[in-house]
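Novice: Quick one, structure for this:
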Amino acid sequence: MTRTDFDALVIGAGVSGLTTAVCLAEAGLRVKIWAAEPPERTTSYAAGAMWGPYLVEPVDRVRVWSAQTLDVLRQLATDPATGVRLVSGIEASRKPVEPPEWGDQLDGFRMCEPSELPDSFATGWRYRAPLVDMPVYLGYLRGRLKAAGGMIDIRRIDALGEAVQVAPLIVNCSGMGARDLVPDPNLTPIRGQLVVVENPGITEFFSEDTGLSPDLLHFYPQGETLVLGGTAQPGECSQEPDSGTAAAILARCAEIEPRLRNVQVVEHRVGLRPTRPNVRIEEEQLDGARVIHNYGHSGAGVTLSWGCAFEISRPI
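Specialist: Numbers count the residues shown, from 1 in each chain. Okay, here's the model as predicted:
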């Protein structure tokens, strides 16, 4: 295999890698993905995943990337096969807080009346936003990449130098893998755990604005199932589900929605959010090849995915 066999090599098969590869392939490039794990074993598979640019920097660039992604997800929501739907619901806080500055981008955004909020909540807002069924969505992206002529190889690499022998353009979407691959000591994991349960008939989402707490509270309807969350544990690296954490998630959600008491558990999901002070979209030269980094999205990988991919693919 030589540098002329492919135009672009993408490292990583999570939502950032797949979306970037799709954009490059649909722009006419010969694209291959090298990934240590298939899409269904990535952190992206474990995501919730509701559009929302939470706790991610730099704000000015995030605002552009998230708005571009919102436009695409709205379009994809017209096709049930994508796994993307527009879902209404409430985000609320137990103390008075200002609503998010991105709220005006969402359909039907308004402040809640006190009667709409659960007991002990002080403020909240209602809106309609894209909700993504990640197992379905990753399969959709994989099929779209294949249709554009791209392919995925499961291949783990230890250094970017291994990739630059294959293509003149390398896009590093390796998520937490970038900590050792680049290496990037600024990249740290934030562990997330979710519980997937049978849906007792819930059609709207609920999310608590928990600030910087490691204990999250949200539930997202995905048809016959409901995704309950969650956690945000900085520095934790275990990808095994913790039974105590799962029980706490179920209890928090059942406190808000009594129909979730004694609900049947379908699946546990764990992922490590790749977090750094700023998302890294940056180009460098390595052994005569262009390397573009696209990682560090923390919990906003889906929210920023199309915007970041557009920035990378448009100058090609």
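
Novice: Other residues contacting the helix ranked longest in the chain?
Specialist: In the chain, assigned by DSSP state H, the helix with the most residues is helix 59-76. Contact partners of helix 59-76, identified using Cβ atoms under 8 Å, 6 or more residues apart in numbering, comprise 51, 53, 56, 82, 84, 86, 102, 105, 130, 132, 140, 279, 281, 300, 302-308, 310-311. C-beta: built from backbone N, CA, C; applies to glycine.

Novice: So which of those belong to strands?
Specialist: V84, L86, P130, V132, V279, I281 (DSSP state E).

Novice: my guess is the fourth one contacts G52, does it?
Specialist: To tie it back to what came earlier, the one meant is V132. No - between V132 and G52 there is no contact under Cβ atoms under 8 Å: 11.3 Å.

Novice: Tell me which residues of the longest helix of the chain come out buried.
Specialist: R61, V62, W65, S66, Q68, T69, L70, V72, L73, L76 (16 or more other Cβ atoms under 10 Å).

Novice: do you know how far the fourth one is from G301?
Specialist: The one in question is S66. Going from S66 to G301 by Cβ to Cβ, to the nearest Å gives 11 Å.

Novice: Likewise for the third one?
Specialist: According to Cβ to Cβ, W65 and G301 sit 11 Å apart.

Novice: for the protein, what spans make up the strands?
Specialist: Under DSSP E, the chain gives strands at 8-11, 31-35, 84-93, 107-111, 123-132, 151-154, 169-172, 188-198, 205-208, 215-222, 225-231, 233-234, 265-286, 289-297.

Novice: re the thing from before, can you tell me which of the buried residues of helix 59-76 is nearest G288?
Specialist: Lowest distance from G288 to the buried residues of helix 59-76 (Cβ to Cβ) belongs to R61, with 28.2 Å.

Novice: Give me the contacts around stretch 155-166.
Specialist: 1-3, 5-6, 9, 11, 32, 34-36, 170, 172, 180-182, 286-289, 291.

Novice: Over to stretch 280-294?
Specialist: Contacts for stretch 280-294 (Cβ under 8 Å, 6+ apart): 3, 16-17, 20, 61, 160-161, 163-164, 167-173, 178, 182, 184, 295-296, 308-309, 311-312.

Novice: likewise stretch 113-123?
Specialist: Contacts of stretch 113-123 (Cβ under 8 Å, 6+ apart): 90, 92-97, 111-112, 124, 126, 208, 256.

Novice: hang on, the earlier thing: could I get the buried residues of helix 59-76 in TSV, plus columns for pLDDT and distance to G244?
Specialist: Putting the buried residues of helix 59-76 into TSV (pLDDT from 0 to 100; distance: Cβ to Cβ, whole Å) gives the following:
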residue	pLDDT	distance to G244
R61	97	38
V62	97	34
W65	98	36
S66	98	34
Q68	98	40
T69	98	35
L70	98	36
V72	98	38
L73	98	34
L76	98	37
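
Novice: so which of those residues would you say is closest to I202?
Specialist: Distances from I202 to those, taken by Cβ to Cβ, are shortest for L73, at 21.2 Å.

Novice: Could you check how far the closest one is from D104?
Specialist: Taking Cβ to Cβ, one finds L73 at 17 Å from D104.

Novice: ok, P234 to D60 distance?
Specialist: From P234 to D60 the distance is 25 Å (Cβ to Cβ).

Novice: Hmm, I typed the wrong one, I wanted A36.
Specialist: Following Cβ to Cβ, the distance that separates A36 from D60 is 32 Å.

Novice: and if you look at V87?
Specialist: Taking Cβ to Cβ, one finds V87 at 28 Å from D60.

Novice: before we move on, what about A49?
Specialist: 23 Å.

Novice: Which pLDDT value goes with the closest residue in space to G52 that isn't next to it in sequence?
Specialist: Leaving aside its sequence neighbours, G52 sits nearest to T303 (Cβ to Cβ, 6 or more residues apart in numbering; 6.0 Å). pLDDT for T303: 98.
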